[in-house]
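Peer 1: any chance you could fold what I've pasted below:
(2 chains)
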Amino acid sequence: MDAFGEMFKRFLKTYQKGSLIFCEYEPGDNFFLIQSGRVQIVKIMGDIEKTLDVLKPGEIFGEMAILEEAPRSATAIAMDRVEALEFNRANFEVLMRGNPQIALKLLKLFARRVYDQKRRFMILTLEEVDAKVADVFLMLAEKEPVRMGEVETLELKTTVDDIAHWAAIPTADCRTVLNHFIQQRRIELFADRIVIKNLESFQRMVNSRRKPKT
Amino acid sequence: MPPKAAFYKANSIIYFRGDEGDKVFILNSGKVSLTYEDIETGQEMRDLVKVGEFFGVKSALGRFRREETALVLADCQVVAFSADEFELLVLKNIPLIMKMLKVYSNQLRRIQKQVQTLLGAEEHVDAAKGLFSIGEYYLRNKAYPQATYAFKRYLVYYPSGAAANQALKNIEVAEAYLSRYGTGKGPDVQAAGPAEKTAPQPQAADKAPASDAEQRYYRAVSLISQEKYEDALKEFKGLIAAGPDEEYLSKAQYESGRCLFYLKQYDKAIGLFTQWVQKYPKHPDLRDALYFVGTSYYNMNDKTKAAGIFKKILTMTPESESIYQKTRKLLKQIEGNP
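Peer 2: Down below sits the predicted model:
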């Protein structure tokens, strides 16, 4: 354990491999900084356990608890024997003052979250289902390193369930829209990915539907 | 290389909305405005940057595209930092980081509320039901320890919730199947199904024969989960009278206390748990027993005694434990309206 870990020993918790650190929907009032081992973040969607992220030592999870005591939005599972420092709102500031690196990490995480949530909001304000789906494509494309116009086709590692989740529409409706796009030869749908043929046409579609309200 | 000062003429643009942003600016003199679209109304909004203020921070730190256009209104001087330079700078200025954290967390809270409002009720799942369904998912998939965890958490947060008894039952099933078959194995479980189907038979032939005390104990616990508290209580009394070993004696007494609590015989529950606590002062369930004593007083409207017990629990429990949070909540309620 490093000097930092030594300093915060009293906050150290150990989790055995396979155990749940917290569970989706559980009220959350603490957050964690991984010292050793990996933590898998999963969400149960329908009857599948979907891995959202795998976190390594030095990474933070459960940080939304700093903001409010809302139910956890995902489940955290110890993939190995995990040692993590556990903090709550009361001792949060002590940690941050002693460790600007963590504060900075958190700051970046929050900046990213604000952006992601704003982007999500933009998707949800579209009225038609097909526009929502198209805007989810755009959002996922923005996370890719390539710029629009630079490539002919774009491959997105995503699934029908994912897109339905982002667009907040029933999976069946999402499938209908995707089938329509397939018939138009604008996308190809695979089990684990979607190939977008002409991203700009989706951009135009979304732009035309997003009329500023007056 | 130190950050560089740069000059911009009036009406020039420092960056456009949609640009990739890797720089943070500080305004030294002149006038700069930031224009962006309000996400709710779609209207164009404009903020003035004050001299001495940073701008372009969030997109540079979060590594995403600019959300606003920075337009120069009057000739200005700015200092541009790369994202890395800016990070080094703020690391030396903890109050600044703390201030920014507060700003961002407020923004995040606000935008999350907005998203929730748009999502409306349809995506809003009752947290209690949600937690229970996670347990069911793991039980169906024979991930017994995970299922046990979820149901136990359910019982911690919703001890008298609609599915509390089913949760108890499911914990028994998960624990019995784990010891009998192991993770990933065992018969399919209808987690929310009728009690008869899911009832475990820990005394089944493939295990070492259970002791008489063990059998009685499980029979009684299963009665609790069927809400047959009086029958369970009788079973526990019989078990205690038969003089079991210390393990089952302490368990049976503890569970009798729970029965009394659920039967709303709070006086008796308090008496029993108080004796139990004196007898087993080092028992791992000690604080849970005290919690029952406290909530019994609380339910009897004896707020002073309840508060006394709750304060005691808080002194012996680390803040990180859920019982601490539960207890603190009740204590706050008492202190809120004595």
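
Peer 1: now the helix or strand containing residue A:206: how far from the chain's centre is it?
Peer 2: Following DSSP states H and E, one finds residue A:206 within helix A:199-209. Distance, stretch centre to chain centre, for helix A:199-209: 24 Å (C-alpha atoms, centre = their mean, to the nearest Å).

Peer 1: beta-bridge partners for residue B:25, please?
Peer 2: residue B:55, residue B:80 (DSSP bridges).

Peer 1: on that earlier part again, so does the helix holding residue A:206 get close to chain B?
Peer 2: No - using C-beta under 8 Å from any C-beta of the partner chain, helix A:199-209 stays clear of chain B, coming no nearer than 11.5 Å. For the C-beta atoms, the positions are set from N, CA and C on the backbone; glycine is no exception.

Peer 1: what about residue A:94, helix or strand, and which?
Peer 2: helix A:89-98.

Peer 1: returning to what we had before: which strands or helices does the helix holding residue A:206 pack on?
Peer 2: For helix A:199-209, the packing partners by 3 or more C-beta pairs under 8 Å, 6 or more residues apart in numbering or on different chains; DSSP states H and E come out as helix A:129-142.

Peer 1: against which helices or strands is the helix or strand just after the helix it packs on packed?
Peer 2: Counting by DSSP H and E, the next helix or strand C-terminal to helix A:129-142 is strand A:154-156. The contact analysis (3+ C-beta pairs under 8 Å, 6+ apart) places strand A:154-156 against helix A:129-142, strand A:194-196.

Peer 1: re earlier: now what about the helix holding residue A:206, what contacts it?
Peer 2: Residues outside helix A:199-209 that contact it (C-beta atoms under 8 Å, 6 or more residues apart in numbering or on different chains): A:126-128, A:130-131, A:134-135, A:137-138, A:141, A:148-149, A:154, A:186, A:196.

Peer 1: please identify the deepest-packed of the helices and strands packed on strand A:154-156.
Peer 2: Most buried of the helices and strands packed on strand A:154-156, by mean neighbour count (mean count of other C-beta atoms under 10 Å in any protein chain shown): helix A:129-142, with a mean of 22.

Peer 1: for that helix, list the C-alpha coordinates in PDB.
Peer 2: Output of helix A:129-142 as PDB, limited to C-alpha atoms (Å, rounded to 0.1, in the frame of the first residue of the first chain):
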ATOM      1  CA  VAL A 129     -38.800   8.100 -31.900                       C
ATOM      2  CA  ASP A 130     -36.800   7.900 -35.100                       C
ATOM      3  CA  ALA A 131     -35.100  11.200 -34.400                       C
ATOM      4  CA  LYS A 132     -34.300  10.100 -30.900                       C
ATOM      5  CA  VAL A 133     -32.600   6.900 -32.200                       C
ATOM      6  CA  ALA A 134     -30.700   9.000 -34.800                       C
ATOM      7  CA  ASP A 135     -29.500  11.300 -32.100                       C
ATOM      8  CA  VAL A 136     -28.300   8.400 -30.000                       C
ATOM      9  CA  PHE A 137     -26.200   7.400 -33.100                       C
ATOM     10  CA  LEU A 138     -24.700  10.900 -33.100                       C
ATOM     11  CA  MET A 139     -24.000  10.900 -29.400                       C
ATOM     12  CA  LEU A 140     -22.200   7.600 -29.700                       C
ATOM     13  CA  ALA A 141     -20.300   8.800 -32.700                       C
ATOM     14  CA  GLU A 142     -19.200  11.900 -30.700                       C
END
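
Peer 1: domain ranges for chain A?
Peer 2: Chain A breaks down into these domains under automatic domain parsing: A:3-120, A:129-209.

Peer 1: okay, those domains in CSV with mean pLDDT next?
Peer 2: Listed next are the domains of chain A as CSV, based on pLDDT from 0 to 100:
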stretch, mean pLDDT
domain A:3-120, 86
domain A:129-209, 88
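
Peer 1: between those domains, which gets nearest to residue B:110?
Peer 2: Judged by C-beta to C-beta, the one of those that comes nearest to residue B:110 is domain A:3-120, at 9.0 Å.

Peer 1: out of the helices and strands packed on strand A:154-156, the one nearest residue B:166 is which?
Peer 2: Across the helices and strands packed on strand A:154-156, closest to residue B:166 is helix A:129-142 (C-beta to C-beta), at 36.8 Å.

Peer 1: quick one, that closest one and helix A:199-209 angle?
Peer 2: Here helix A:129-142 points in a direction 130 degrees away from that of helix A:199-209 (axes from the mean of the first three to the mean of the last three C-alpha atoms, to 10 degrees).

Peer 1: so helix A:129-142, near chain B or not?
Peer 2: Yes - judged by C-beta under 8 Å from any C-beta, helix A:129-142 and chain B are in contact via residue A:142.

Peer 1: and that helix, what does it pack onto?
Peer 2: Looks like helix A:129-142 contacts helix A:100-125, strand A:154-156, helix A:160-167, helix A:171-183, strand A:194-196, helix A:199-209 (3+ C-beta pairs under 8 Å, 6+ apart).

Peer 1: which strand or helix spans residue B:154?
Peer 2: helix B:144-157.

Peer 1: what lies in contact with that helix?
Peer 2: Counting by C-beta under 8 Å, 6+ apart, A:18-20, A:23, A:26-27, A:77, B:128, B:131-132, B:134-136, B:138-139, B:161, B:163-164, B:167-168, B:170-171, B:174-175, B:177-178, B:183, B:186, B:191, B:322-323, B:326 sit against helix B:144-157.

Peer 1: continuing past that helix, what's the next helix or strand?
Peer 2: Note on helix B:144-157: by DSSP H and E, the next helix or strand toward the C-terminus is helix B:164-180.
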